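In: Sequence and predicted model, in that order:
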Amino acid sequence: MAPEIAHAWRRTLTGRGRVRVERLAEEVGWSRKRLSARFRSQLGITPKHAARLVRFDHAAHLLAAGHAAADVATVSGYVDQSHLHREVKAFTGLTPTAVAAAPWLAIDDVAWPASSPARRPSAVIAGVPPSSWMGLTDRSRRMG
């Protein structure tokens, strides 16, 4: 794998899918078009699709850990809960609630250790306590 593609993939993973393709292209010194073409030829998907998948994976694990969909949408970088709903539906054909209960989304103790915030529904996510998540009210957190 080309070092530029490896860098773009690492940044996509560490940013949990919340990275702009334009920014990745700047970082590796390529145009957006060249990065997309090389990324696709080496990984089989475009950087944008990879970012969507990584962001979805993060959100799905938070849902499976018992976090409310509205909170997951906020901390995962979705514009709103309906955006999360559309992405979950597009990737799985299920609703966020169904994904949260899906047996195929068992929490992996190696990837998601028990000490991970994603494993504790009432925990702080991304360093921000639930009470501070974009000013969400208790009512909106229960609407999951």
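Out: On my side now, so go ahead.
In: could you pull out the helices for the chain?
Out: 3-14, 21-28, 32-43, 47-64, 69-76, 81-92, 96-101, 138-142 (DSSP state H).
In: pLDDT (mean, whole number) over the third one?
Out: Spelled out, that is helix 32-43. Averaging pLDDT along helix 32-43 gives 97.
In: now for it, which elements pack on it?
Out: Where contact means 3 or more CB pairs under 8 Å, 6 or more residues apart in numbering; DSSP states H and E, helix 32-43 is packed against helix 3-14, helix 21-28, helix 47-64. All C-beta atoms are positioned from the backbone trio N, CA, C, and that covers glycine.
In: Quick check: the gap between Gln42 and Trp30.
Out: 13 Å (CB to CB, to the nearest Å).
In: So which of the two has more stuff around it?
Out: With neighbours defined as other CB atoms under 10 Å, Gln42 and Trp30 compare such that Trp30 has more, 19 against 15.
In: Quick check: buried residues in stretch 49-59?
Out: Within stretch 49-59, the residues that count as buried by 16 or more other CB atoms under 10 Å are 50-52, 54-59.
In: What sits closest to Tyr39 if chain neighbours are left out?
Out: For residue 39 the amino acid is Phe, not Tyr. Pro47 (4.7 Å; CB to CB, 6 or more residues apart in numbering).
In: nope, Arg55 is what I meant
Out: Per CB to CB, 6+ apart, closest to Arg55 is Gly17, 2.9 Å.
In: correct me, but the one you found touches Arg52?
Out: Yes. At 6.5 Å, Gly17 counts as touching Arg52 under the criterion of CB atoms under 8 Å.
In: So for this protein, the centremost residue is which one?
Out: By CA atoms, centre = their mean, the chain has its centre lying nearest to Arg55, at 1.8 Å.
In: Can you read off the pLDDT for that one?
Out: 96.
In: let's have the chain start at 33 instead
Out: Okay, residue one is now 33; in that scheme the one you just asked about reads as Arg87.
In: shouldn't it be in contact with Leu45?
Out: No. At 10.7 Å, Arg87 does not count as touching Leu45 under the criterion of CB under 8 Å.
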